[in-house]
Each structure stands twice: as structure tokens, then as C-alpha cells.
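Participant: Okay, predicted coordinates and the sequence, questions at the end:
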Amino acid sequence: MILASGWGFFSHQKINRLAVFILPPEMIGFYKKNIRYISESAVNPDRRRYAVPDEGCRHYIDWDDYGDSAELILPRSWEEAVNKFGEDTLKAHGILPWHIVRMYHQLKNAFMVRDPEKILRLSAELGHYVADAHVPLHTTGNYDGQKTNQFGIHAFWESRLPELYFSEYDFLVGKADYLGDVQARAWDAVAQSHRAVDSVLEFERKLFEKEGERKFNFETKGKQTIKLVSPAYSKAYHQMLSGMVERRFRASIKMTGDIWYTAWVDAGQPDLKSLIHYTPTEKELKIRAEELKRWREGGLKTRDHESED
């Protein structure tokens, strides 16, 4: 499966940036100090997807490849899923919800060892995968309309529409909440996205039948003239979707803030204010990592798909 970047660079950066502002006072200072990094690094997973062999499958899950009972037959636990389907099969159809859980554990570990560099990197990249989970076309094998002769719908939905209508969206999503079950929340995000796939495709198909000759125009950006979906066609499609793009954008912001907050709470709520101007030495980080390892070996099992790397 080959995709255009989920939500597009513009949207991924906006989602991460806006998620910072829903964090509690104990966290927001550290994140605001590094908000440029958090925003700009949101797109790093897309930048490396063709350089790192296993990166691509982390951005999607082809839910429909598992049949009509996918929501019932897909194990939420990575270990159970591997035992049932095999790792190669899972990667072939995408591992997005499982990877979100893995990244949450990594971020929690970074908070526990108080490693500011890793906290920022993992926060930025976790926000990317959370946002991808809220894009309907990241949950289907027909990810770019290639099976229904709707080529380009991926970038149209997740890039063109947000760029045109971002200024009209309401981003007051409330404060970050603690997620009692990160795994369940990740799967719920994917399930909600998949339920919107039919509407995403069907509405555009009907619009093209009626207004196909108005779909494209040419716009000049810098020194280039490029072919884009026209503003008129975009407006008509956006209206047919009845706020879907805005709702998924808002949900992306909320879950990103929620999962950052949850990882911090589950790590014992370390003092982030002390990390704003602090760079730990390699020796300090090594000692803390060893302490964390000993704590686990003391009888507390790590949760599903957890990794320190």
C-alpha cells in the first residue's frame, strides 16, 4: 500500500501544535517551549517511509482486507494478533492501531527516565500516527480510490480540504483527558474512521457524475503552475461531507493531547518544568534506564507491544 502523506504536512503540523494547548499546566510549559520542534517533527514518519522498510505499514490498516467481521476477529493485543495471523500478514495489511499502543509505551518510558530529547521526538511522532488513525482512507485497501476510478481522492480529502477550510474550523476541543485504556481508544479511532469510508467515496463519486468537468483547475504556486481540485468542486464536496473533515481533525487534536497526558500520568507525573533547560548526560540516562529495567524485572510485566527503543 502506497499513500500520500496522512493529513498532509500542513495538517499534521497543525494537529500537533494545537494539541499542545490542551495539556495541563504541569506539562504545557515544557511543550510550549518546544512547540516548533513538536510541530515540525510531526511529519518525520512520512519523511522516512520510503527509507525505512517497516515504516510504511505503521500508517494504516486495511480493515476491509479482513472481511466484514474485522472489528470482531482482529485481536487488540499485538502478541495475540501475531499468533493468529503472523507478523508478515499483519504488516502487509497495516499495523497502525498496534503501533500507536507501542509508541505510547515508548513515550511513557521516556517520561520515566526523564529524557527530554526522547520525550519530544516520541510525542511528535506519536501525534502523527494518532492523526493518521483519524483519516478514513487510512483504513481501506481502496486508499486512493484506485479500485473505484477515483484516483487522487486521498490527497483531496486529507490535504486539499483542510488547507482550504482550516481557518473556518473550531478547534476548541477541551482539555486533555486521561485515557483509561489506550489500546481501546486507538482501535475506536480506527473503527470510527473506517465507518466513514463509504461516505468519503460515494459522495465524491456522485459529485463527479454531476460536476466532473469542474473538478480541476490550474493554480500558480511560486514559479510552478500545478493542477489542483478547483475551489468550487472542493466546496461542494466539503459541504456534502457535512463537517466530517473538521470532526476528524478535532478528534485528532484531542486524542493526541490525551495520549501525551496519559503517558505522562502513567509514568508518575515527572516534573517537566525541570526539563525545560536540562540536558541529561549519557551516564544519567544509562543509570535511569537500568533502574527502569530492574523495576520491571522485579515482577511488574510490561504491557502489550512495549519497547524501550
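Facilitator: In hand now; what should we look at?

Participant: switch to C-alpha atoms for all contacts and neighbour counts from now on
Facilitator: OK.

Participant: Tell me the spacing between the closest residue to His154 other than its chain neighbours and Ser234.
Facilitator: Nearest residue to His154, sequence neighbours excluded (Cα to Cα, 6 or more residues apart in numbering): Asp144, at 4.9 Å. Between Asp144 and Ser234 the distance is 17 Å, computed by Cα to Cα, to the nearest Å.

Participant: and what of Gln224?
Facilitator: For Gln224, the distance to Ser234 - Cα to Cα - is 21 Å.

Participant: quick one, which of those two is more surrounded?
Facilitator: A direct count of neighbours by other Cα atoms under 10 Å for Gln224 and Ser234 places Ser234 higher, at 22 against 9.

Participant: Show the model's pLDDT score for that one.
Facilitator: For Ser234, the model assigns a pLDDT of 97.

Participant: same thing with Gly8?
Facilitator: For Gly8, pLDDT reads 79.

Participant: Show the end-to-end separation of stretch 272-289, please.
Facilitator: End-to-end distance (Cα to Cα), stretch 272-289: 18 Å.

Participant: Identify all contacting residues around that stretch.
Facilitator: Glu26, Met27, Gly29, Phe30, Lys33, Val113, Arg114, Asp115, Pro116 (Cα atoms under 8 Å, 6 or more residues apart in numbering).

Participant: again with stretch 215-225
Facilitator: By Cα under 8 Å, 6+ apart, stretch 215-225 touches Phe208, Ile226, Lys227, Leu228, Val229, Ser230, Ala232, Tyr233, Ser234.

Participant: Just list the residues touching the last one, thanks.
Facilitator: Spelled out, it's Ser234. Counting by Cα under 8 Å, 6+ apart, Ser234 makes contact with Arg160, Leu161, Lys215.

Participant: Could I get the contacting residues of the first one?
Facilitator: Contacts here follow Cα under 8 Å, 6+ apart; on that basis Arg160 touches Val229, Ser234.

Participant: cool, and Asp54?
Facilitator: If you count contacts by Cα under 8 Å, 6+ apart, Asp54 has them with Lys91.
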